[in-house]
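1. Predicted coordinates and the sequence they were generated for:
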Amino acid sequence: MDHVVVVGASLAGVNAIEGLRDRGFTGEITLVGAERHLPYDRPPLSKEALSGGLDGERLALRPPQWYEEQGVTLRLGEPARALEPGPKRLWLDSGGQLDFDGLVVATGSSVRRFAHRLCGDPARLCQLRTLDDAQRLGDQLEPGRRLVVLGAGFIGLEVAATARTLGLDVTVIDVAASPLARVLGEAGAWFTDLHTTHGVDIRCGTSVDSIDPRSGGGVVVRSPGRATLEADLFLESVGAAPAVDWLSGSGLVLEDGVVCGSDLRTSHPDIVAAGDVARWHNDLFGESMRVEHWTNAVEQGRHAAGTLLGERESYRSIPYFWTDQFSAKARFVGRADAADDIVVERGEDSAVILFGRDGRLRGALCINAPRRLARCRIAIRDGMSWTEAAADLATCA
Amino acid sequence: MAIIVKFDPSKCQGYANCLIEAPEIWDFDEDDDVALLLQEVVPESLRAKAEASARGCPAHAIAVENQSDA
């Protein structure tokens, strides 16, 4: 293998490069990225980077000289357009082409769009995925302005907390019955209390009928059966979808992401995938999953590099994420979907929520309780029974 | 070969990812919201976990070195 192309100037992409070099790969590496920026860290985009101004140097995943040291050819600002697995050729939007021996798919996610169909002037709506998006949104977060956020997911809630802390008047709308419902189910209601306490208006179980441009800027938002909302700013944060458009017609098997085996190899032997875009079989949970979290991108990037170089190990992991909102540092390990047992323990400033299925502990949400989280991760890994886990929680509370 | 874990508490932002990755090496001060390094010199058997905790730190507060390099 002489030339590896990494598609996606992303967290997974950077870690794939590091994984290749750490394993002694000395061939050529080309990094292809849709954005003009060097790979940067995304979690701060909804938090400190919005409130404290963007510091490109601090956001950079690696310093500029790192790419030269690692012998990486950069093709930034050149989105991938199409893949031909037969001749192992990648086409770029710019018209350029790259022939490869091995390829890492690390294109991450793109934002889902919903609200622009309801708005006569979609340019008035903000989204948040990229550094440029954060720049545009951050510039407009001024105290006293009114922000409406559509979507009470991680991004929506984090921006709501950041904006509220900056002194904006914030309303969050979500069609689900509680925030973070897709990941946490009903347990997401904890975040309604947190935001309400800080003066954010959380409107769950409702949708948006229309978003009309207002003369003089901003929009008027109408929800069924609710009072009309006037907003200076509107953020659409209704989730993300795997960025696989460029792979349509490639023959790679796609199904809500790039379908991979347990070792992150795609349906083509010389192509692997990592990060948000990869749907793989996680042997630890015995199911196919796709995970849009930071740590997953780091570890899958490294693992996929090993697979590309001929290692055959399964990528087994317990999904882990964090979200910081106001004074709450929430961390989650495992899975909460389809839980048939849930137990909640609330402390003064903390909370622990355990999720069980089929008699075993499967997931844990710990708010301001990182030491409990570490215990829960071990318990999930070791397959602790639900009875034991719930009893353990009671003794620690 | 033992390995050395270098930790810069001034960079720590309290993510606690290190503790999640390697509870054998890290603890956490929940009052001050900062990680605590339990052992600076770590046996080879914990190398993978030590390296995972360094990689998993979004604040770049952790580095892992071979003892002979030090």
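-> Cool, got the structure.
2. C-alpha from now on. contacts and neighbour counts both.
-> Fine.
3. In chain B, what residue lies closest to chain A?
-> residue B:20 (4.9 Å; C-alpha to the nearest C-alpha).
4. does residue A:51 really touch residue A:162, like I thought?
-> Yes. At 6.7 Å, residue A:51 and residue A:162 qualify as touching, with contact defined as C-alpha atoms under 8 Å.
5. Looking at those two, which is more packed in?
-> Per other C-alpha atoms under 10 Å in any protein chain shown, whichever of residue A:51 and residue A:162 has more neighbours is residue A:162, with 24 against 19.
6. Listing partners with orientation, what would you give for the one helix or strand residue A:5 maps to?
-> For residue A:5, the enclosing helix or strand under DSSP states H and E is strand A:3-7. With DSSP bridges as the test, strand A:3-7 is paired with strand A:28-33 (parallel), strand A:102-105 (parallel).
7. Now do the contacts for residue A:258.
-> Applying C-alpha atoms under 8 Å, 6 or more residues apart in numbering or on different chains to residue A:258 gives the contacts A:244, A:252, A:266, A:273, A:277-279.
8. Contact residues of chain B facing chain A?
-> Within reach of chain A by C-alpha under 8 Å from any C-alpha of the partner chain, chain B has these residues: B:15-16, B:19-20, B:23, B:27-28, B:30, B:55-56.
9. who wins for neighbours among the contacts of residue A:258?
-> Most crowded among those, counting by other C-alpha under 10 Å, is residue A:273 at 36 neighbours.
10. In helices only, show me the residues of chain B next to chain A.
-> When the residues of chain B next to chain A are checked against helices (DSSP state H), the matches are B:19-20, B:55.
11. What about those, which one has the most neighbours?
-> Greatest neighbour count in those, by other C-alpha under 10 Å, goes to residue B:20: 27 neighbours.
12. so who does that one touch?
-> Counted by C-alpha under 8 Å, 6+ apart, residue B:20 has contacts A:373-374, A:377, B:53.
13. now the strands for chain B?
-> B:3-7, B:26-29, B:34-37, B:41-42, B:62-66 (DSSP state E).
14. The nearest residue to residue A:137 once chain neighbours are set aside: neighbour count?
-> Nearest non-adjacent residue to residue A:137, counting by C-alpha to C-alpha, 6 or more residues apart in numbering or on different chains: residue A:126, 6.7 Å away. Counted with other C-alpha under 10 Å, residues neighbouring residue A:126 total 17.
15. Against residue A:316, how distant is residue A:126?
-> Residue A:126 sits 37 Å away from residue A:316, going by C-alpha to C-alpha, to the nearest Å.
16. Over to residue A:325?
-> Counting by C-alpha to C-alpha - residue A:325 and residue A:316 are separated by 29 Å.
17. Looking at these two, which is more packed in?
-> residue A:325 (19 against 16).
18. so how far is stretch A:160-174 off the chain centroid?
-> Centroid separation between stretch A:160-174 and its chain, computed with C-alpha atoms, centre = their mean, to the nearest Å, is 20 Å.
19. To clarify, my last question referred to stretch A:117-124.
-> Distance, centroid of stretch A:117-124 to centroid of chain: 25 Å (C-alpha atoms, centre = their mean).
20. returning to that earlier point: among the contacts of residue B:20, which ones are in helices?
-> Short answer: the contacts of residue B:20 in helices (DSSP H) are A:373-374, A:377, B:53.
21. which parts of stretch A:183-202 are buried?
-> Across stretch A:183-202, burial judged by 16 or more other C-alpha atoms under 10 Å in any protein chain shown covers A:184-185, A:187-192, A:194-195, A:199-202.
22. Could you single out the nearest of those to residue A:347?
-> Closest approach between the buried residues of stretch A:183-202 and residue A:347, by C-alpha to C-alpha: residue A:190, at 12.5 Å.
23. Roughly how far does that closest one sit from residue A:345?
-> 11 Å.
24. what's the answer for residue B:60, then?
-> 32 Å.
25. Residue A:162 now?
-> Per C-alpha to C-alpha, residue A:162 is found 27 Å from residue A:345.
26. Likewise for residue A:351?
-> Relative to residue A:345, and taking C-alpha to C-alpha, residue A:351 is found at 6 Å.
27. more crowded one of these two?
-> Neighbours per residue, other C-alpha under 10 Å: of residue A:351 and residue A:345, the larger number sits with residue A:351, 19 against 15.
28. now that one, nearest residue through space, not along the chain?
-> Counting by C-alpha to C-alpha, 6+ apart, the residue nearest residue A:351 is residue A:367, at 5.1 Å.
29. Wait, that neighbour touches residue A:327, no?
-> No. The pair residue A:367 / residue A:327 is not scored as a contact, 9.7 Å apart, by C-alpha under 8 Å.
30. neighbour-wise, which of the two wins?
-> Taking neighbours as other C-alpha under 10 Å, residue A:367 and residue A:327 compare with residue A:367 leading, 25 against 11.
31. Now do the contacts for the more buried one.
-> A:328-331, A:350-352.
32. What separation do you get for it and residue A:162?
-> From residue A:367 over to residue A:162 (counting by C-alpha to C-alpha), the distance is 18 Å.
33. hang on, the earlier thing: using ChimeraX, define a selection of the buried residues within the ones in helices among the contacts of residue B:20.
-> In ChimeraX, a selection of the buried entries from the ones in helices among the contacts of residue B:20 looks like this (16+ other C-alpha under 10 Å):
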select /A:373,374,377 /B:53
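34. Excluding chain neighbours, give the residue nearest to the residue of the stretch 201-350 of chain A found nearest chain B in space.
-> Residue of the stretch 201-350 of chain A nearest chain B, by C-alpha to the nearest C-alpha: residue A:295 (6.2 Å). Leaving out its chain neighbours, the residue that sits closest to residue A:295 by C-alpha to C-alpha, 6+ apart is residue B:56, at 6.2 Å.
35. same deal with residue A:107?
-> In this structure, residue A:107 finds its nearest non-sequential neighbour in residue A:8, 4.3 Å apart by C-alpha to C-alpha, 6+ apart.
36. Do you know the pLDDT at the one you found?
-> With respect to pLDDT, residue A:8 has a value of 98.
37. what residues are up against the spatially closest residue to residue A:386 that is not a sequence neighbour?
-> With C-alpha to C-alpha, 6+ apart as the criterion, residue A:386 has its nearest non-adjacent residue at 4.5 Å, and that residue is residue A:360. Applying C-alpha under 8 Å, 6+ apart to residue A:360 gives the contacts A:380, A:383-387.
38. please redo it, this time with the cut-off set to 10 Å
-> For residue A:360, the contact set (C-alpha atoms under 10 Å, 6 or more residues apart in numbering or on different chains) comprises A:339-341, A:379-380, A:382-389.
39. Name the member of the residues you listed with the most neighbours.
-> residue A:380 leads the contacts of residue A:360 on contacts (other C-alpha under 10 Å) with 24 neighbours.
40. All set now, cheers.
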